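*Asks:* here is my input; please provide its structure:
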Amino acid sequence: MTGDESSGLKYELSQSEKRVLVAISQLGGEATPEAIIEQALPDSLNQLTAILKDQLNSILEDYDRSLGDSKISELMMDLASIKPDNDKQKDAEMLVILIKHLSHILVDLDVPLQRKVIGRVLGEIKPAVTKTLKSEESSVLRSSMMTMVDVMNSSSWLKSKSLITMDEKIECFYSLSSKRLAGVDLPERRALKLIDKNHGSITVDELRASKKLRNEEVSISMGWLKRKAWINIQKSGDDTILELTEIGRDHITKKGKDELLIEELAGIEMPASQLDMDVIGQLKKRQDILVERELVTRQMKLTPKGKEIVGAGLDLGDDISQLTQDMIKDGSWKTGSIRPYDVDAFAPNIHGGRRHPLQQYIDMIRRIFLDMGFTEIESDYVHSAFWNMDALFTAQDHPARELHDTLYLKSPSSMPLPDPAMVEKIKTMHEKGDELSDGWGYDWKASEAQKALLRTHTTVNTISYLRDNPNPPAKVFSIGRVFRKEAVDATHLPEFIQIEGIVMEEGANMDMLAGLIKEFYHRMGVDDIRLRPGYFPYTEPSIEPEIRHHGNWMELGGAGIFRPEVVAPFGVEHPVLAWGLGLERLVMALLNLKDIRKLYVSDIDWLRTNPVVK
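*Replies:* Predicted coordinates:
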């Protein structure tokens with residue numbers, strides 16, 4: 001390592017440290033790591049960076065977006081890493097790198113019509129990139145560039161030598177979860193318009209019947225209307241009446257602070273420092289409005305000693321980062337600048353590939369049931385209502401079969417029924433029952449049973465299995481997606497994974513079922529569980545497993561013994577223990593999550609740091 005002396009001061013500096021000092025000085029005495037990387041680029045890449053920034057920002061202006069420094073520096077690093085055998089391969093690698101980085105930039109900035117924009121950008125920047133790469137040797141470019149690791153390591157050393165200071169600041173940025181929100185009235189605004197249209201007064205039933213608000217939005221709008229003092233709520237007999245206040249009348253044509261902020265965030269991301277955090281706090285109480293992102297920014301600044309040593313002049317050469325056999329033989333290492341090694345220096349976290357937490361728990365559940373002697377079965381997502389509902393003794397006028405609960409298909413809209421003898425048995429059981437049951441006592445319709453739908457439970461798998469295997473013993477399970485028309489909230493999803501299973505054997509009873517369910521949850525690491533009575537159309541008796549989650553009991557699914565009306569048409573003569581349990585709620589509790597939607601958000605940091613399931 002060589003020494004640099006100035007005004008009696010002597011410091012041992014690596015070449016990387018010298019380059020960081022010089023770059024900060026050239027940038028006015030203070031700079032971010034990204035700016036240092038860019039400043040240290042070779043002249044040719046510096047010119048290319050300026051060209052790319054100008055052209056990209058010019059295009060992004062059409063979409064009210066702007067480019068960040070780090071995005072371009074990362075692109076430059078990748079371009080300099082190209083090691084082609086020929087010009088054709090060089091062009092191909094260059095195109096792949098450009099498309100990859102441009103795609104990431106456009107996705108991060110939420111730019112619309114991304115394919116079209118990528119084509120336009122490539123057309124404008126590719127000639128400049130090609131010209132630069134052809135005029136420079138890639139090996140020269142690579143050796144002259146600094147990575148983020150280089151800059152941070154060198155900065156750590158420089159800070160320890162009191163030549164620079166490093167400040168770190170965490171700032172929150174906010175954007176809308178969807179640009180569409182800026183063009184859609186909040187629930188209370190839609191309700192306010194309805195109340196005004198109804199001469200300043202409306203009942204809750206009238207508000208719900210207007211169809212301007214979804215069922216779940218009625219109570220939400222009332223809460224916010226009251227909180228904003230836009231209405232008074234009164235009771236008149238059985239009716240709940242909403243009446244406009246003077247403040248509410250003023251806001252018929254005047255938007256609230258939260259509405260104005262939503263408009264301001266349309267298509268852009270803004271730092272917390274530029275926003276009213278009280279209004280941000282209000283919007284964060286709503287679901288699916290804001291996206292919050294934390295950004296860590298670092299600022300390096302030259303100290304007086306740092307300025308003095310830069311002013312005295314620094315010899316910028318190449319560091320020796322690795323001793324070779326030739327260096328040792330010819331002794332050239334004695335006069336070279338050897339890069340220092342610091343075990344405490346900054347280094348990026350390295351994350352290996354891993355499966356998604358949900359998949360890890362699916363594999364764990366599969367192992368548990370296989371170890372308990374079960375066999376796994378599978379089935380399709382699309383079934384007829386016959387197998388999903390009728391075969392499970394669910395009456396054709398049951399609320400679960402309504403459009404607001406079940407997802408029916410347009411194509412195909414219907415599916416064939418099984419053999420006529422089987423259909424007749426199910427029809428008779430629904431209409432008349434048998435010697436042990438009176439059935440439901442209505443006219444069963446084949447047209448209802450033929451409707452095609454997305455399965456609402458995986459019990460459709462097990463009832464099909466019992467049709468083909470009516471004799472004991474039977475121990476089967478399945479893990480699969482089911483679909484329901486649910487409103488999305490912290491504990492509900494319209495598409496989720498169900499853990500289904502049955503045990504059929506002579507003498508099977510509720511004690512066996514309760515023990516089996518408790519044993520399953522015990523093996524999953526959950527012991528604080530209770531089983532309470534429940535009701536399901538196709539099991540009797542029925543229970544609902546619940547576990548503790550954040551101090552409250554959370555229901556995980558249903559279980560019970562199949563009713564005789566369910567199994568009799570298939571010739572099953574022995575008790576069938578059955579259960580259908582939700583996976584996501586269980587995983588939510590195991591990972592201590594408050595919101596089930598977290599499991600399906602592409603949060604790469606959370607996915608990387610989540611413990612591996614064993």
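*Asks:* for the stretch 51-200 of the chain, which segments count as strands?
*Replies:* 164-176 (DSSP state E, counting those that start in this stretch).
*Asks:* is it correct that Glu269 is in contact with Cys172?
*Replies:* No. Counting by CB atoms under 8 Å, Glu269 does not reach Cys172; the two are 10.4 Å apart. C-beta: built from backbone N, CA, C; applies to glycine.
*Asks:* any residues in contact with both of those two?
*Replies:* Arg293 (CB atoms under 8 Å, 6 or more residues apart in numbering).
*Asks:* now the element after the host helix or strand of Gln360, going C-ward?
*Replies:* Element membership for Gln360, per DSSP states H and E: helix 357-371. Downstream of helix 357-371, the first helix or strand assigned by DSSP H and E is strand 375-376.
*Asks:* that next one: partners in the sheet, and parallel or antiparallel?
*Replies:* Paired with strand 375-376 in the same sheet, following DSSP bridges, are strand 474-483 (parallel).
*Asks:* next, the angle from the strand it pairs with to helix 357-371.
*Replies:* Angle of strand 474-483 versus helix 357-371, following axes from the mean of the first three to the mean of the last three CA atoms, to 10 degrees, is 160 degrees.
*Asks:* quick one: mean pLDDT for strand 474-483?
*Replies:* The predicted model assigns strand 474-483 a mean pLDDT of 93.
*Asks:* for that strand, buried residues please.
*Replies:* 474-480, 482-483 (16 or more other CB atoms under 10 Å).
*Asks:* repeat for stretch 421-441
*Replies:* Those would be 423, 425-427, 429-430, 433, 439-440, for stretch 421-441 by 16+ other CB under 10 Å.
*Asks:* next one: that stretch to chain centre, how far?
*Replies:* 46 Å (CA atoms, centre = their mean, to the nearest Å).
*Asks:* could you dump that stretch to CSV, C-alpha only?
*Replies:* Provided in CSV are the C-alpha atoms of stretch 421-441 (Å, rounded to 0.1, in the frame of the first residue of the first chain):
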residue,chain,number,x,y,z
ALA,A,421,-79.0,-43.8,-11.9
MET,A,422,-76.7,-41.7,-9.7
VAL,A,423,-78.5,-38.5,-10.6
GLU,A,424,-81.8,-40.1,-9.7
LYS,A,425,-80.5,-41.1,-6.3
ILE,A,426,-79.3,-37.5,-5.5
LYS,A,427,-82.6,-36.1,-6.8
THR,A,428,-84.7,-38.4,-4.7
MET,A,429,-82.6,-37.7,-1.6
HIS,A,430,-83.2,-33.9,-2.1
GLU,A,431,-86.9,-34.2,-2.8
LYS,A,432,-88.1,-37.0,-0.6
GLY,A,433,-85.1,-38.3,1.5
ASP,A,434,-85.1,-42.0,2.5
GLU,A,435,-86.2,-44.1,5.5
LEU,A,436,-83.9,-42.0,7.8
SER,A,437,-84.5,-38.5,6.3
ASP,A,438,-87.3,-36.4,4.9
GLY,A,439,-84.9,-34.7,2.4
TRP,A,440,-85.4,-31.0,1.6
GLY,A,441,-88.9,-31.3,0.2
